[in-house]
Structure formats: C-alpha cells, structure tokens
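> I need the structure of the sequence given here:
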Amino acid sequence: MYQHITTDSQLRGIIPELYKHDIWGVDSETSGLNPHHDKVVLLQIGRPDQQFVIDTRKVSPESLRPWMEDERQRKILHNGKFDYKAFRGSFGIELEGIRCSFLGEKLLNAGRDFKGFSLEAVMKKYLKMDMDKTLQKSFIDHKGDFTSEQLQYAANDVKHLLPMYREQCKQIQADGLENVFMIENNAVAAFGDMEFDGMRIDPVLWRKTLEENREFAKVALTKMKEVAKEYCDVDLLGEVMINFNSQKQLLWLLKRMGFKVRVRGRHGEEELVEIQSTDKATQKQLRDAPFIKMLGEYRKYTKLCSAYGEQYLNAVDPLTGRFHPDLGQLDTDSGRPASGDSAVNPLNIPKDNRYRHAFIAWDGYVVEVDDYCSCELGIWAEISQDPKLLDLFRKGEDPHCFVASDLYGVKVTKDKKDPNSKLRAPAKALNFG
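Numbering: from 1, shown residues only. As a prediction, this is how the structure comes out:
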C-alpha cells in the first residue's frame, strides 16, 4: 500500500525509513517534458512492500535533498536522465546514486535489438508483468487533486522497479558487463547536465555562415546551369529545364554529356562504361572534370544549409537563451552517444571554424576544449600489446604520424609546412578503420 505525502511533517517522517535500505525505486510525474518550463508534480520512491507518493505541488522535497544527492543511496530509475533533469529544473536537486534500467537494457542489446527498452517492455521481459501506462499523460497540465487511480498508477511505477532491476542485473553479470554498466550509470548526471545547461550560439555568426553557404551553392548552381544549356531544353525565360536535385534527371544529363567510368570486367580487366550513378564513388572517379567539381560544391553547400541552418536558431529556448539537444547516451551499436531525437545535432558539427566559433560562452566565461587524444588507439595498444604501438605512446608521439611514417617510409609530421603532412590523413583513416 502506498502512502500519499502532502505535508512537510509527513515528508520528514519517511526519511528514517529511506535510510533503512540502501536501494529504492524512484520515478516522477511531470506537467510536461521540458525541465525548464514544466514541473515535477509527483515524486515517487518505493520498494515492493512500501511506496511513497509525494505531491510536490503541496510539499517541497527540499528535506529529501541529502538523501537524493547521496551517491551511496542507490536509486533505480528507468530513463534516469529525464528524471535527473526534471528534479534539477523543479527543485535544483542533482540526483546521485543513479542506476538506470533503461541504459542497462540498451547495454545488453547493443547491436542486437533496437526496440523493447520501454518500462513496459522491460517489466514484461523480466517479471512477465503487463503494465498499464494509459494514465501516463493524465498528469500533463493536471489541475486539482489527483485521483486515487493516478496515485495508484504512480505508486506502481516504483513498486516493481527493484525486483525488475535485480533480474536485469543477473543478465548484466552473466554477460560480464558490470563495470561498463557502472560507467554508464555514473555518466547519467553528466549527460543530464549537458542537456539541461544546453549550448549557446551567436545568431549573427550562425546566420552569416548560412548566407555564405547559400551564396556558394547558388554560384555553383549557376555554373552548372550554364554548362547544362548545351544539353538541355530551356524555358521561355532561358532557364534550363532540369532539376539538379533529382538523381534521375542528373544521371540523364551526365549520360548526355558523355561521362564514362572505369569498372572491372569479369576477368579483372578494366573497361570504360556509361555512367550509372551519381554517388560519391562515381564523383570521386570523375573528380577532375569541371562539371563534377561544380556538382560537388553545390551538394556540399546545400547539405550544409539543410543540416546546419535555421533549425539551430529555432531550437534556442527563449527562457534560457540556449538550445538543449537530446544526447542519447547509448544510442549507437558501438556505445557512442547520438542525437537522434533532436532537431539539432551538436555531436556532428563540421570541422569548420565558421561554425565552431559560433558556439560561445556567457560573458565572463570561456569555452574549454578537451580531447581524449586518440584514446581508441591507446586502448588498442593496451589490448594488443603491440610493441610499436606501446613504444609510440611511451614516447608521446602522434600515432597517426607514426603509422604514416612507418607505412610510407618517410618522416611525417603534423606541421602543415611539411610536404609529407598530407600523408597523416590516410594513416588516420587506416588507424580508425
């Protein structure tokens, strides 16, 4: 049976109960999904035999701060990053001791399954139990007292977290992933802070870059149209009647222009054949042709305009002056973060100072840049115990220059004045490949 907490005295009374165990299930119900605009309306803490449903509209959870911020007191959450941001936004509480069953399930299924990570699915998997989530959205913009059905729903969300988590941990241990799971749990707060704090961009610099790219794309398009007039029909205004963004029409044009590519025949011999595609591999083979250079420029700048355009400025929250991306902590097969649910992707900003200089700090602060400096290659050296790799790290040499020097038989440095410096890039691709 759950206990509904609506007064300070009731809240203080449960604190000794919380310290009787070092692990509890924790959840929240919120008025919306934005931690800067919406509020936590219920805070639930529970175990199978005991649940506390705290109405945070009537009582502040401030007296729970020491317990919530104590990393020794473990809290099981499903999608703990959401609750972390919600608690920070509503109460300024930075939750510690997080054990996220959502990340646990993603870790167990990385590269093998891409669904089944919801609380309902995980409960079904480990406890063979069906959860009714129909009341989940009933808390959004709710006014007045909560119904008994809403309170029971909230209590049920934490009632079964502990037994579910224990079953999940058995699989994590069986797969030898305990240490990795703890690393991910310890990173939840950091990811939550990055999303909550967000990123600030200079709108003037951002728009300037966008307009420059639009102009570059326009120039390339104009040049292509001039060339295409020799091969295409034109309308009454003299415009060529072709859509350069249509792969079908563009391929038709390239064929009319007589482009051919080299392919290997059945017996390994090379032969020239009519172009069959406009993909990157084809463009690379034909890269010295003036029209293909124009096409490459046009595609490059139109892609920059679409991928890094107005959506970044539109994503800025008027309350915070920053945009707040979704950083999926385990959203790739390899375990790297991703930004799949965001309109913007700060994890893939072009290596172009026009963009990077547009990310700015508040007045009186600076932007700090940190780099793990070839950490993958360091791990590779440690695991493989390759003598040359170990030696280069002991000497503090650049691993890409080292491999390039070994590969090409010449001294390669990062110095751009060094004519051999261009050999570093293919060695870097080889290393990471």
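> can you give me the helices in the stretch 251-400 of the chain?
280-285, 290-307, 310-314, 353-356, 375-384, 387-395, 399-408 (DSSP state H, counting those that start in this stretch).
> out of the ones you listed, which comes closest to residue 48?
helix 375-384 (40.7 Å; C-beta to C-beta). Placement of C-beta: from N, CA and C, glycine included.
> what angle separates that closest one from helix 399-408?
Going by axes from the mean of the first three to the mean of the last three C-alpha atoms, to 10 degrees, helix 375-384 is angled at 60 degrees with respect to helix 399-408.
> now do the same end-to-end measure for stretch 73-93.
Start-to-end span of stretch 73-93 (C-alpha to C-alpha, to the nearest Å) is 15 Å.
> And that stretch, what's buried?
73-91, 93 (16 or more other C-beta atoms under 10 Å).
> do stretch 316-335 as well
So for stretch 316-335, counting by 16+ other C-beta under 10 Å, buried means 316, 322-331.
> what pLDDT does the spatially most distant residue from the centre of the chain get?
In the chain, the greatest distance from the average C-alpha position (C-alpha atoms, centre = their mean) is reached by residue 236, at 48.5 Å. With respect to pLDDT, residue 236 scores 85.
> before we move on, the earlier item: can you put the helices of the stretch 251-400 of the chain in a markdown table and add distance to residue 211?
Below are the helices of the stretch 251-400 of the chain laid out as a markdown table (distance: least, C-beta to C-beta, whole Å):
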| stretch | distance to residue 211 |
| --- | --- |
| helix 280-285 | 26 |
| helix 290-307 | 9 |
| helix 310-314 | 11 |
| helix 353-356 | 11 |
| helix 375-384 | 37 |
| helix 387-395 | 44 |
| helix 399-408 | 35 |
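> Tell me how many other residues crowd residue 44.
By the criterion of other C-beta atoms under 10 Å, residue 44 has 26 neighbours.
> Check which helix or strand it maps to.
Residue 44 is part of strand 40-47 when elements are defined by DSSP states H and E.
> Which elements pack onto that strand?
strand 23-30, strand 50-55, helix 80-91, helix 148-159 (3 or more C-beta pairs under 8 Å, 6 or more residues apart in numbering; DSSP states H and E).
> that older thread, need the max-distance pair from the buried residues of stretch 316-335.
Counting by C-beta to C-beta, the most remote pair of the buried residues of stretch 316-335 is 316 and 330, 27.2 Å apart.
> quick one on the thing from earlier: quick check: of the buried residues of stretch 316-335, which lies closest to residue 371?
Using C-beta to C-beta, the buried residues of stretch 316-335 come closest to residue 371 at residue 327, 18.0 Å.
> Roughly how far does the closest one sit from residue 116?
From residue 327 across to residue 116, the span is 22 Å (C-beta to C-beta, to the nearest Å).
> related to what we said a few turns ago, which of the helices and strands packed on strand 40-47 sits closest to residue 255?
Per C-beta to C-beta, nearest to residue 255 of these: helix 80-91, 51.3 Å.
> would you put the C-alpha positions of that closest one in PDB?
Only the C-alpha atoms of helix 80-91 are listed here, as PDB (Å, rounded to 0.1, in the frame of the first residue of the first chain):
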ATOM      1  CA  GLY A  80      17.100   8.300 -15.200                       C
ATOM      2  CA  LYS A  81      18.400  11.200 -17.300                       C
ATOM      3  CA  PHE A  82      14.800  12.500 -17.800                       C
ATOM      4  CA  ASP A  83      14.100  12.500 -14.000                       C
ATOM      5  CA  TYR A  84      17.600  13.900 -13.200                       C
ATOM      6  CA  LYS A  85      16.800  17.000 -15.400                       C
ATOM      7  CA  ALA A  86      13.300  17.200 -14.000                       C
ATOM      8  CA  PHE A  87      14.500  17.300 -10.400                       C
ATOM      9  CA  ARG A  88      17.200  19.800 -11.200                       C
ATOM     10  CA  GLY A  89      14.800  22.100 -13.100                       C
ATOM     11  CA  SER A  90      12.000  21.900 -10.500                       C
ATOM     12  CA  PHE A  91      14.000  21.800  -7.200                       C
END
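> which residues make contact with that helix from outside it?
26-28, 30, 33, 35-36, 38-40, 43, 56, 60-62, 65, 68, 77, 93-95, 98-100, 102-103, 185, 188-189, 191-193, 195-196, 329 (C-beta atoms under 8 Å, 6 or more residues apart in numbering).
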